[in-house]
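Colleague: here's a sequence, model it:
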Amino acid sequence: MANLFPLVGASAGTGLGTGTGTRAFLAGGKRGTIPFGRSPKFDHSLGEFVTTPTGKIAESEGTDAWLEWCQKALRSRRYTHLVYSRAYGQEYDDLIARHLSRQANEMEILRMTTETLKVDPRTADVRHFTFAWGKDQCSFQCEIVNVRGEQKNLKGSVVIN
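Modeller: Numbering: from 1, shown residues only. Model (predicted):
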């Protein structure tokens, strides 16, 4: 029977991944590396894909592709789009109806953001949250760390009232 969890990019017989700088993970009892891949670039402030001078959609690779995924996951509402799994996206809109205190909202934003980003195996940690409150929204910033040990800052906001 064919292996349901093939070993990608690993040395034959050693069980160790050959990639450098990525965390090994278990898949069916075997070890491999986590690929970072490519992603189309998206300008989140304009709501449009970034294009090259020739009119093609620009692509990002490696860490930049992971950052694109993180930003998109934080902007996508969970359970809304059939194309995504039930584990993809966030549930910030649910905070509006709860009428929680500021501290409770911050704890929920921290939890939801961490859960959203840690679904991706490239994300190792989500930490160092800071919050800024406006009249009806809470802006936050956090540090995300990938399995290669690279750290990036990510910003978001949640409408509370």
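
Colleague: show me the chain divided up by domain.
Modeller: By the assignment in automatic domain parsing, the chain contains the domains 1-35, 36-159.

Colleague: ok, and which of the ones you listed has the densest surroundings?
Modeller: Comparing the domains of the chain by mean neighbour count (mean count of other C-beta atoms under 10 Å), domain 36-159 comes out on top with a mean of 15. No exception for glycine: its C-beta is placed from N, CA and C like everyone else's.

Colleague: could you pull out the strands in this protein for me?
Modeller: Taking DSSP state E as the test, the strands found in the chain are 24-27, 30-33, 38-40, 42-43, 48-49, 59-61, 123-133, 137-146, 151-159.

Colleague: which helices and strands does the fourth one pack with?
Modeller: Taking 3 or more C-beta pairs under 8 Å, 6 or more residues apart in numbering; DSSP states H and E as contact, the helices and strands that strand 42-43 lies on are strand 48-49, helix 63-75.

Colleague: what do you get if the cut-off is 6 Å, keeping everything else the same?
Modeller: Here strand 42-43 touches no other helix or strand, going by 3 or more C-beta pairs under 6 Å, 6 or more residues apart in numbering; DSSP states H and E.

Colleague: quickly note the distance from Gly55 to Phe49.
Modeller: For Gly55, the distance to Phe49 equals 11 Å [C-beta to C-beta, to the nearest Å].

Colleague: for Asn146, which non-adjacent residue is closest in space?
Modeller: Arg122 (5.2 Å; C-beta to C-beta, 6 or more residues apart in numbering).

Colleague: and what of Tyr84?
Modeller: Tyr84's closest residue in space is Ser76 (C-beta to C-beta, 6+ apart), at 6.8 Å.

Colleague: could you report the pLDDT at the one you found?
Modeller: What the model reports as pLDDT for Ser76 is 81.

Colleague: now swap in Lys72 and tell me
Modeller: Reading off the model, Lys72 has pLDDT 89.

Colleague: what do you get for Gln90?
Modeller: The model's pLDDT for Gln90 equals 83.
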